[in-house]
Every structure is written in structure tokens, then in C-alpha cells.
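K.L.:
this one's sequence-less:
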């Protein structure tokens, strides 16, 4: 499951649809990729050390991968904000 690649923002009013803005989230993921790989390596190392030390909790890698799964599940989410005179729609594509 992949995280959302684009964010579509639409600003307007109740009478007029307004304008839309496409934001490329895949650029953010490319910037964060080296940090994520480093954190993943650290969590695997911590899990191995805690497993060898017979500690009770050694599932940090599973926790990190589950967070990535939740991030991937946000794809397709639509948020609509309706105020008195303004409407803002956000869609993760």
C-alpha cells in the first residue's frame, strides 16, 4: 500500500466553487526516504539487541511498519470544511 502522492485543495464559497491547488506529496516522500531508511535500520538493530537481551518488548520495527500502513490507508481520504462563507476541500490522491 502506497502513501498518498498528491493533495488536492479546493478553496471557494457556497455559491462559487473557487479554485483548486494540486500539491505533490511524492516530493515530500522522496525527501523523507533516507530518514525513513535510517530509522528502520535503527529499529531493526534495537529489536535484535533487545531480543538477545531477553527483554519483554522487542517489536519496534513492527510498530514502525504499522505506522507506514496507517499512512498508506489515508489515500483516498476527503476532508470538507464548511464555514459561514467559505468551503475548503482536501483530497489525498
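P.N.:
Okay, I see it. Just so we're clear, the structure is a prediction, and the values are computed from it rather than from any experiment.

K.L.:
would you map the strands across the chain?
P.N.:
Taking DSSP state E, the strands of the chain run over residues 6-12, 19-24, 78-82, 87-92.

K.L.:
skipping adjacent residues, who's closest to residue 39 in space?
P.N.:
Take residue 39 and drop its neighbours on the chain: the residue closest to it by Cβ to Cβ, 6 or more residues apart in numbering is residue 64, 6.8 Å away. In short, each C-beta sits where N, CA and C put it, glycine included.

K.L.:
same question for residue 11.
P.N.:
Computed as Cβ to Cβ, 6+ apart, the closest residue to residue 11 that is not its neighbour in sequence is residue 18, at 4.7 Å.

K.L.:
residues contacting that neighbour?
P.N.:
Going by Cβ atoms under 8 Å, 6 or more residues apart in numbering, residue 18 touches 10-12, 87.

K.L.:
what subset of the residues you listed is buried?
P.N.:
Neighbour counting with 16 or more other Cβ atoms under 10 Å marks residue 87 as buried within the contacts of residue 18.

K.L.:
and the contacts of residue 18 as JSON lines, adding pLDDT?
P.N.:
As requested, the contacts of residue 18 are exported to JSON lines (pLDDT from 0 to 100):
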{"residue": "10", "pLDDT": "93"}
{"residue": "11", "pLDDT": "92"}
{"residue": "12", "pLDDT": "91"}
{"residue": "87", "pLDDT": "91"}
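
K.L.:
wait, which of the contacts of residue 18 is closest to residue 41?
P.N.:
residue 10 (39.6 Å; Cβ to Cβ).

K.L.:
correct me if wrong: that closest one contacts residue 22.
P.N.:
No: between residue 10 and residue 22 there is no contact under Cβ atoms under 8 Å: 10.1 Å.

K.L.:
separation between the residue nearest to residue 39 and residue 43?
P.N.:
Plainly put, residue 64 is 5 Å away from residue 43 if you go by Cβ to Cβ, to the nearest Å.

K.L.:
same question, residue 50
P.N.:
In this view, residue 50 and residue 43 are 10 Å apart by Cβ to Cβ.
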